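A.B. asks: Give the three-dimensional model of this entry:
(one chain, ligands or ions: 1)
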Amino acid sequence: MDKNIITQFQRIIGKDGVLSTVEDLAVYGYDGTFEDHRPDVVALPRTTEQVSQVVQLAAAERIPIVTRGMGSGLAAASVPFQGGISLAMTRMNRILEIDPINVTAHVEAGVVTADLQAAVEKINLFYPPDPSSNRHSTIGGNIACNAGGPRCLKYGMTGDYVLGLTVVLADGRILHTGSKCIKDVTGYDLNALFTGSEGTLGVITEALLRLTARPKFAHTMLAEFPSLENASRTVNDILQAGIVPAALELMDTTAIICVEEAMHLGLPLDVEAILLIDTDGSDEAALLREVEILAGICRECGARQVRVAQDEAERALLWRGRKSVSPALARKAPNKLGEDITVPRSAIPEAVRRLREISVREGQPIVIYGHAGDGNLHPAILFDKRSPDQWAKVEKMAAEVFAVALDLGGTLSGEHGIGALKRPYMQQALGSLSIEIQKRIKAALDPLNILNPGKVFPD
Ligand SMILES: Cc1cc2nc3c(=O)[nH]c(=O)nc-3n(C[C@H](O)[C@H](O)[C@H](O)COP(=O)(O)OP(=O)(O)OC[C@H]3O[C@@H](n4cnc5c(N)ncnc54)[C@H](O)[C@@H]3O)c2cc1C
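C.D. replies: Below you'll find the predicted structure:
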């Protein structure tokens, strides 16, 4: 990048907020996938005003801007394939206010999700959205992807907690949306528009988030299933019984083995699946009754054993195991293509059956785990990218996985977003009219196409 432009960025942010050595650029060129492309410069702003000035300069020079949280995304959405600026929000990490009366938090976009959760829990409040990456992702990134997580089943997605946003638009103007009011239908829902927009419509610099009361009690149980299909069927039986667990997670054999080898939690290695189930609430007696009912349903559906965590430490350990599935899979293969399909819950057993068929047919492992309670499965295709044969198979298998989801009335992505990786399947998933409308929205907000170009939409 032209030295003169770098000097102008330094004038806006300060020298320590602009990185341009090869080593620094390499660090901002990847995300949680296997994709990689270096930006031309990294900008680390500290204020919304600085973001606005950076965007104005970039617009004048027609430089692409790829906003970045912590780069934990699983769709290559923050990989700057066209170079330009990686606008890293991690220095905007202040919690500006926690309002216990209105039960809201006002934060900068670079706050790490787990830090916000810990801060509000200190005063018995609760921020439920809990992507497994909550220690290494930001609120801005969570909003931009509409992140989910295990607790979505009972509590909803990140977007359900967004009350207001501060957004720097593609021409540098600063837009404020929403308010602390719980009810607000004044005009179009712009919070919803920017939620899940993957950095393509604006740069989120601050967020006003809804909180809730922290549940007083929680229990976790682990049910062991000799049959994966029985485990997936159990999900529907539980929900039909009128119980909404806080989380209902599935892990298949390979996921169990990888986590157990890495963490030695005492997980069973001779079953096809486990379900990890959480209940929470304020009435301990009611919760204990729920635990019994849930355990009974699991046994009726074929669980050979149901283990209820005895204390907080055991609960935390089981959850650490579940949240480590994705990184633990590296023990089996150097690369994985972790998909994020959702299907209607009733179709989970059929989806699991068809995914296993694909794996057997192509001779390449697909690990199945995810948030089974809300129909969001993460089939992960394991492979070695250095092998052209395997890579060709993986591309074919990914198309087949998406076809299964769509055929069963599901979607391409429940929570990771489209980014660069799922663009080719958008037409099939949404059809021409929906894509045309979305492209028009993009063009209205970013006519120069400088905000995360080349993402979300098919060519
Ligand atoms: C081990 C692991 C487990 C995961 N588990 C889950 C899970 O359970 N649930 C889930 O939903 N996801 C999960 N993810 C995916 C990922 O963590 C989420 O998508 C997360 O929301 C990304 O946040 P980030 O700060 O890392 O954003 P990045 O990866 O840096 O960016 C992601 C996208 O958001 C945009 N963006 C980032 N910040 C802003 C901003 N301030 N303004 C505008 N756009 C912005 C980027 O341009 C990009 O398009 C997991 C990832 C890993 C590696």
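A.B. asks: buried residues in stretch 402-417?
C.D. replies: 402, 404-406, 408, 410-417 (16 or more other CB atoms under 10 Å). Using the backbone N, CA and C atoms, a C-beta is placed for each residue, glycine as well.
A.B. asks: Just name the closest of these to Pro80, please.
C.D. replies: Gly417 (16.0 Å; CB to CB).
A.B. asks: Identify the residues contacting the closest residue to Ala420 other than its chain neighbours.
C.D. replies: Of all residues not flanking Ala420 in the chain, Ala76 sits nearest, at 4.1 Å (CB to CB, 6 or more residues apart in numbering). For Ala76, the contacting residues are 31, 33, 35, 419-421, by CB atoms under 8 Å, 6 or more residues apart in numbering.
A.B. asks: Dihedrals phi and psi, the residue of the stretch 251-400 of the chain found nearest the ligand?
C.D. replies: In the stretch 251-400 of the chain, the residue that lies nearest the ligand is Ser326 (3.7 Å; CB to the nearest ligand atom). Main-chain dihedrals, Ser326, degrees, to the nearest 10: phi -60, psi -50.
A.B. asks: Who are the contact partners of it?
C.D. replies: 32, 132, 336, 338, 378, 380.
A.B. asks: Among those, list the two that are farthest apart in space.
C.D. replies: Checking the contacts of Ser326 with CB to CB, the most distant pair is Ser132 and Lys336, at 14.4 Å.
A.B. asks: what about Val245, neighbour count?
C.D. replies: Actually, residue 245 is Pro. It isn't Val. 26 (other CB atoms under 10 Å).
A.B. asks: which ones are touching Thr90?
C.D. replies: Counted by CB under 8 Å, 6+ apart, Thr90 has contacts 44, 69-70, 110, 138.
A.B. asks: likewise Thr411?
C.D. replies: So Thr411 contacts 341-342, 405, 429 (CB under 8 Å, 6+ apart).
A.B. asks: now Arg91
C.D. replies: 17, 44-46, 110.
A.B. asks: give me the element Asp278 is part of.
C.D. replies: strand 273-281 (DSSP states H and E).
A.B. asks: Would you mind measuring from the residue of the stretch 251-400 of the chain closest to the ligand to Val103?
C.D. replies: 32 Å (CB to CB, to the nearest Å).
A.B. asks: What of Leu412?
C.D. replies: 34 Å.
A.B. asks: now do Val367
C.D. replies: 39 Å.
A.B. asks: For those two, work out which one has more neighbours and name it.
C.D. replies: Val367 (28 against 17).
A.B. asks: hang on, that one packs against Leu382?
C.D. replies: Yes: applying CB atoms under 8 Å as the test, Val367 and Leu382 come out as touching, 6.5 Å apart.
A.B. asks: any shared contact partners between the two?
C.D. replies: Common neighbours of Val367 and Leu382 (CB under 8 Å, 6+ apart) are 254, 329, 332, 336.
A.B. asks: check contacts around Pro131.
C.D. replies: Counted by CB under 8 Å, 6+ apart, Pro131 has contacts 113, 137, 142, 147-149, 415.
A.B. asks: Following element in sequence after the longest helix belonging to the chain, please.
C.D. replies: The single longest helix within the chain, with elements called by DSSP state H, is helix 388-407. Downstream of helix 388-407, the first helix or strand assigned by DSSP H and E is helix 426-430.
A.B. asks: Could you tell me which residues within that next one count as buried?
C.D. replies: Counting neighbours by 16+ other CB under 10 Å, helix 426-430 gives 426, 429-430 as buried.
A.B. asks: Over to stretch 256-273?
C.D. replies: In stretch 256-273, residues buried by neighbour count (16+ other CB under 10 Å) are 256-260, 262, 265, 267-268, 271-273.
A.B. asks: Kindly report the same for stretch 363-373.
C.D. replies: Applying 16+ other CB under 10 Å to stretch 363-373 flags 364-373 as buried.
A.B. asks: on that earlier part again, out of the contacts of Arg91, who has the most neighbours?
C.D. replies: Going by other CB under 10 Å, Pro45 tops these with 27 neighbours.
A.B. asks: measure the residue in the stretch 351-459 of the chain positioned nearest to the ligand to Ser133 for me?
C.D. replies: Residue nearest to the ligand within the stretch 351-459 of the chain: Glu415 (3.4 Å; CB to the nearest ligand atom). Computed as CB to CB, the Glu415 to Ser133 distance reads 11 Å.
A.B. asks: again, but for Leu382
C.D. replies: Distance from Leu382 to Ser133, by CB to CB: 20 Å.
A.B. asks: Alongside the ligand, which residues does the stretch 301-450 of the chain contribute?
C.D. replies: With CB under 6 Å from any ligand atom as the criterion, the stretch 301-450 of the chain comes near the ligand at residues 326-327, 415-416.
A.B. asks: Grab the two from the residues you listed that are most spread out in space.
C.D. replies: Taking CB to CB as the measure, these have their most distant pair in Pro327 and Glu415, spaced 17.5 Å apart.
A.B. asks: Okay, strands next: where are they in the stretch 1-150 of the chain?
C.D. replies: All strands of the stretch 1-150 of the chain, identified by DSSP state E, counting those that start in this stretch, fall at 18-19, 41-43, 65-68, 85-88, 95-99, 104-108, 125-126.
A.B. asks: Quick one: list the elements packing against the first one.
C.D. replies: Using 3 or more CB pairs under 8 Å, 6 or more residues apart in numbering; DSSP states H and E as the contact criterion, the secondary-structure elements in contact with strand 18-19 are helix 3-13, strand 41-43.
A.B. asks: Which residue does the stretch 151-300 of the chain have closest to the ligand?
C.D. replies: For the stretch 151-300 of the chain, CB to the nearest ligand atom, closest residue to the ligand: Gly199, 2.6 Å.
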